[in-house]
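**Student:** Got a predicted structure here, sequence first:
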Amino acid sequence: MTIPWLVFFSGMLGLSVGSFLNVCIYRLPLDQSLAFPASHCTSCNRKLSWFENVPVVAWVVLRGRCRTCHAAIAAVYPLVELFTGVMFAWAAWRYGPGWLLVSRLLFGCMLIVLFFIDLRHRILPNVITIGGTLLGFILSFVTPPGWVSSLIGLVIGALIPFALAEAYLRLRKIEGLGMGDVKMLALIGAFLGWQLVLLTLAVASVLGSIVGLGLIAARRGDMKLALPFGTFLAIAAMFAAAAGEPIVQWYVGFYR
Ligand SMILES: [Zn+2]
């Protein structure tokens, strides 16, 4: 009986956390404080009342518009809240109570924020990538993958793309991977361990290539316009965290 309640409360908590992630996505790239000022309309600057801060429901009731200035409120806000809520509910069901649940939820929140910030601004803030790498390593002492795999993961997560980026820069004189991507891979390695960070890198590269080729085929892609790799890394890391374990087992099985 405890699990259904845990799933329910975790989902509710996730909706509120999603609201906070929206604040992070909006304010972190602008170097604004996360705590002050309180939530306000980005068009008319009016401070929002408590019911306008209710996740998802407020947006639906207000039909996506500010109550006073009627400026449109992007649908991405309630979608982030909804996605975070579903992620929290799913993780509670999947992992049950414990440190692994805490670890995976923190990791998931960081990925959501990095996904949107990289997509919009093409940056991956150090406060999340470097701060998160430290946090992931500390948590690995009490959760899978364990501190040894976490340490190897953060080192090769950073090292492989760093070497690739260097080679790319020397050979073609252009920047393929940014340092932000390197730090983000260290973060993923610290939380998921060395096997899953390699899986993440492979999945993100395939995803990036498919989307890149799609854009070229649709003649919408400017070849020089770099696709935000951090956005693909975020999707791939979520996939690796949720479904990577059996894939690694199957792959290792080949060599037995
Ligand atoms: Zn307004």
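**Tutor:** Yes, it's here. This one's a predicted model, so the numbers in the text were calculated from it and none came from an experiment.

**Student:** Low-confidence ranges, the protein, go.
**Tutor:** Within the chain, the segments meeting pLDDT under 70 span 1-2, 173-176, 220-226, 255-256.

**Student:** and residue 70, how many neighbours?
**Tutor:** Neighbour count of residue 70, defined by other Cβ atoms under 10 Å: 10. In short, each C-beta sits where N, CA and C put it, glycine included.

**Student:** Spell out which residues of this structure are next to the ion.
**Tutor:** 41, 43, 44, 66, 69, 71 (Cβ under 5 Å from the ion).

**Student:** Buried among those residues? Need that as a selection in PyMOL.
**Tutor:** Those of those that count as buried under 16 or more other Cβ atoms under 10 Å are selected in PyMOL with:
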select buried, resi 41+66
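
**Student:** just checking, which of the residues of the chain next to the ion belong to strands?
**Tutor:** With DSSP state E as the criterion, strands contain none of those.

**Student:** excluding its backbone neighbours, what's nearest the residue nearest the centre of the chain?
**Tutor:** The structure's the chain has its C-alpha centroid closest to residue 111; by Cα atoms, centre = their mean the separation is 1.1 Å. Distances taken as Cβ to Cβ, 6 or more residues apart in numbering place residue 234 nearest to residue 111, at 4.4 Å, with adjacent residues excluded.

**Student:** In the host helix or strand of residue 156, which residues are buried?
**Tutor:** For residue 156, the host element (DSSP states H and E) is helix 147-172. Buried residues in helix 147-172, counted by 16+ other Cβ under 10 Å: 147, 149-154, 156-158, 160-162, 165.

**Student:** ditto for stretch 77-93
**Tutor:** 77-78, 80-85, 87-92.

**Student:** What about the residues you listed, which are in helices?
**Tutor:** Among those, the members falling in helices (DSSP state H) are 77-78, 80-85, 87-92.

**Student:** out of those residues, who's nearest residue 5?
**Tutor:** Among those, residue 92 lies closest to residue 5 (Cβ to Cβ), at 9.5 Å.

**Student:** which residues does the closest one contact?
**Tutor:** By Cβ atoms under 8 Å, 6 or more residues apart in numbering, the contact list for residue 92 reads 3, 6, 7, 9, 10, 11, 101.

**Student:** ok, now residue 115?
**Tutor:** By Cβ under 8 Å, 6+ apart, the neighbours of residue 115 are 230, 231, 234, 235.

**Student:** how many neighbours does the last one have?
**Tutor:** For residue 235, the neighbour count with other Cβ under 10 Å is 16.

**Student:** In terms of secondary structure, what does the helix or strand encompassing it contact?
**Tutor:** Using DSSP H and E, residue 235 maps to helix 229-253. The contact analysis (3 or more Cβ pairs under 8 Å, 6 or more residues apart in numbering; DSSP states H and E) places helix 229-253 against helix 99-121, helix 179-192, helix 194-217.

**Student:** just the angle between the first one and helix 179-192, please?
**Tutor:** Spelled out, it's helix 99-121. Using axes from the mean of the first three to the mean of the last three Cα atoms, to 10 degrees, the direction of helix 99-121 lies 170 degrees away from that of helix 179-192.

**Student:** what comes up buried for helix 99-121?
**Tutor:** Buried residues in helix 99-121 (16+ other Cβ under 10 Å): 100-101, 103-105, 107-118.
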